[in-house]
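Undergrad: any chance you could fold what I've pasted below:
(one chain, ligands or ions: 1)
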Amino acid sequence: EKAGFDHFMLKEIHEQPKAYRDTMGSRISPDGRSVVFNELHMTTDDVKAIRRIHIVACGTAYHAGLVGKAVIEKLARIPVETDVASEYRYRSPIITPDTLVIVVSQSGETADTLAALREAKRCGARVLAITNVVGSSVAREADDVIVTWAGPEIAVASTKAYTSQLIAFYLFALFLAQTLGTVPADEIAATLAALNKLPEQVEDILAAKDAIKAYAEQIAAHEDLFFIGRGLDYAVALEGSLKLKEISYIHSEAYAAGELKHGTLALIEEGVPVIALAIQTDLFEKTVSNIKEVKARGANVLGIGYAGDEELQKSVDRTFAIPKTLDLLAPALSVVPLQLLSYYASLARGNDVDKPRNLAKSVTVE
Ligand code: M6R
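TA: Model prediction:
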């Protein structure tokens, strides 16, 4: 049932191109120019009535929600807040009938996420669920559901469910934008064309996995590591750090690169591994100057950037390249080397990759 792979996690990482295709599926019109969400019950007036969006989720799904926030705000210009479900429930969030609450859950059974959904409904908000399990509690109780067609995810560490959630957010943000007219039709078509290319681009990254494996074997001997990035690269850094902690048990922190000198830089010393995501074009120069700050303190830096980026290559100890895409879509590519990194680091440490200590696949208690 592992289809020739040693672990479910590795199998699921390799299933991502298919998961992307299946999640896009019939949601892109045959001419490739618009998003079609037949399953949503939202009319144009319903969409126009949305004043704010709250995205609520736990763990990896929360990290997908951080990307969702950036993408919806950029494309649809609706204010979005993203919260961890266990915090959202108890902070008396301002939920009004013109709030759209989006809950994100692979399993659709996470206790805090389900409780947040119920609280949102009690306050009269419309609830949209993004979930991987048809017929789950979250799917049954939400007003609208976008199913991520990633297929069953067995490994505790979420991989293809996360990336399918990203695809769902891209499509939903484009749907909002086309309904509200916030993005020109040609730009929507160009974004959909770039989305369609992602599965093939993930294949290219997977084909280069030996380079990540070799690097993972080196960092497996370390106890502390840092991920840095800005904007969407920071959102991906958070997910990379969670994945690494979860299955390799190596302590790591994800930092917004511009925040380093407000405290964390004190921890950087000779030989500390730093993984720097430098993909977002408008923030690139700023990130490179943060890379120079850690390099000056002796950090050993792996830079993740677009293929052929010479400036990044000059600033770091080694690079791993991702294929060129729209910056907005880059998280769906840049997270893949980080998934592979945590997988191979866990393997090198002799851990039980699919069933990390202390963790369960679905957290149905608070
Ligand atoms: O089933 P859910 O998406 O609601 O689960 C949420 C988290 O428990 C989950 O993403 C967790 O963080 C993963 N094990 C991370 O890989």
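Undergrad: what about residue 255, is that helix, strand or coil?
TA: strand (DSSP: H, G, I helix; E, B strand; the rest coil).
Undergrad: for the ligand, see how far away it is.
TA: Here the criterion is Cβ to the nearest ligand atom, to the nearest Å. By it, residue 255 lies 19 Å from the ligand. Using the backbone N, CA and C atoms, a C-beta is placed for each residue, glycine as well.
Undergrad: so what's that residue up against?
TA: By Cβ atoms under 8 Å, 6 or more residues apart in numbering, the residues touching residue 255 are 226, 227, 228, 234, 237, 264.
Undergrad: now, which of those residues sits nearest residue 10?
TA: Lowest distance from residue 10 to these (Cβ to Cβ) belongs to residue 227, with 21.3 Å.
Undergrad: count the neighbours of the residue of the stretch 151-300 of the chain found nearest the ligand for me.
TA: The nearest approach of the stretch 151-300 of the chain to the ligand comes at residue 158, 3.8 Å away (Cβ to the nearest ligand atom). With neighbours defined by other Cβ atoms under 10 Å, the count for residue 158 comes to 28.
Undergrad: quick one: buried ones out of the contacts of residue 255?
TA: 226, 227, 228, 234, 237 (16 or more other Cβ atoms under 10 Å).
Undergrad: next step: those restricted to strands.
TA: Among the buried ones among the contacts of residue 255, the residues falling in strands (DSSP state E) are 226, 227, 228.
Undergrad: just give me the closest of those residues to residue 320.
TA: residue 227 (13.0 Å).
Undergrad: which one is the closest one nearest to, not counting chain neighbours?
TA: Nearest residue to residue 227, sequence neighbours excluded (Cβ to Cβ, 6 or more residues apart in numbering): residue 237, at 3.8 Å.
Undergrad: my guess is that neighbour contacts residue 279, does it?
TA: No - judged on Cβ atoms under 8 Å, residue 237 makes no contact with residue 279 at a distance of 10.8 Å.
Undergrad: as a markdown table, the buried ones among the contacts of residue 255 with distance to residue 321 would be great.
TA: Formatted as a markdown table, the buried ones among the contacts of residue 255 follow (distance: Cβ to Cβ, whole Å):
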| residue | distance to residue 321 |
| --- | --- |
| 226 | 21 |
| 227 | 17 |
| 228 | 18 |
| 234 | 20 |
| 237 | 17 |
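Undergrad: most widely separated two among the residues you listed?
TA: So, the buried ones among the contacts of residue 255 by Cβ to Cβ: farthest apart are 226 and 234, at 12.2 Å.
Undergrad: what touches both of those two?
TA: With Cβ under 8 Å, 6+ apart as the test, residue 226 and residue 234 both reach 254, 255.
Undergrad: is any residue of stretch 344-364 near the ligand?
TA: Yes - using Cβ under 6 Å from any ligand atom, stretch 344-364 reaches the ligand at 362, 363.
Undergrad: pLDDT averaged over that stretch - what is it?
TA: For stretch 344-364, the mean per-residue pLDDT is 91.
Undergrad: quick check: closest non-adjacent residue to the closest residue to the ligand within the stretch 251-366 of the chain.
TA: The ligand sits closest to residue 363 of the stretch 251-366 of the chain, with a gap of 4.9 Å, by Cβ to the nearest ligand atom. In this structure, residue 363 finds its nearest non-sequential neighbour in residue 110, 5.4 Å apart by Cβ to Cβ, 6+ apart.
Undergrad: now that neighbour: how far from residue 103?
TA: Counting by Cβ to Cβ, to the nearest Å, the gap between residue 110 and residue 103 amounts to 9 Å.
Undergrad: which neighbours do those two share?
TA: The contact lists of residue 110 and residue 103 share 57, 85, 138, where a contact means Cβ under 8 Å, 6+ apart.
Undergrad: turn the residues you listed into TSV, including secondary structure and pLDDT.
TA: Listed next are those as TSV, based on DSSP: H, G, I helix; E, B strand; the rest coil; pLDDT from 0 to 100:
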residue	secondary structure	pLDDT
57	strand	98
85	helix	97
138	helix	98
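Undergrad: with respect to residue 162, which of the residues you listed is nearest?
TA: residue 57 (10.6 Å).
Undergrad: the closest one bridge partners, please.
TA: Beta bridges link residue 57 to residue 84, residue 104, judged by DSSP bridges.
Undergrad: contact partners for it?
TA: With contact set as Cβ under 8 Å, 6+ apart, residue 57 has these partners: 64, 65, 82, 84, 85, 103, 104, 105, 110, 113.
Undergrad: now with 6 Å, please.
TA: 65, 104, 113 (Cβ atoms under 6 Å, 6 or more residues apart in numbering).
Undergrad: give me the neighbour count for residue 213.
TA: Neighbours around residue 213, by other Cβ under 10 Å: 16.
Undergrad: any chance you could map the strands in this structure?
TA: 52-57, 80-84, 99-105, 126-131, 144-147, 224-229, 251-256, 273-277, 300-306, 318-322.
Undergrad: quick one: those strands as TSV, columns for distance to residue 43 too.
TA: Shown next, in TSV, are the strands of the chain (distance: least, Cβ to Cβ, whole Å):
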stretch	distance to residue 43
strand 52-57	17
strand 80-84	21
strand 99-105	13
strand 126-131	12
strand 144-147	12
strand 224-229	38
strand 251-256	38
strand 273-277	39
strand 300-306	40
strand 318-322	38
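Undergrad: so which of those is nearest residue 29?
TA: Nearest to residue 29 among the strands of the chain is strand 144-147 (16.6 Å), distances taken as Cβ to Cβ.
Undergrad: just the residues contacting that closest one, thanks.
TA: If you take Cβ under 6 Å, 6+ apart as the criterion, strand 144-147 is touched by 40, 41, 128, 129, 130, 134, 139, 168.
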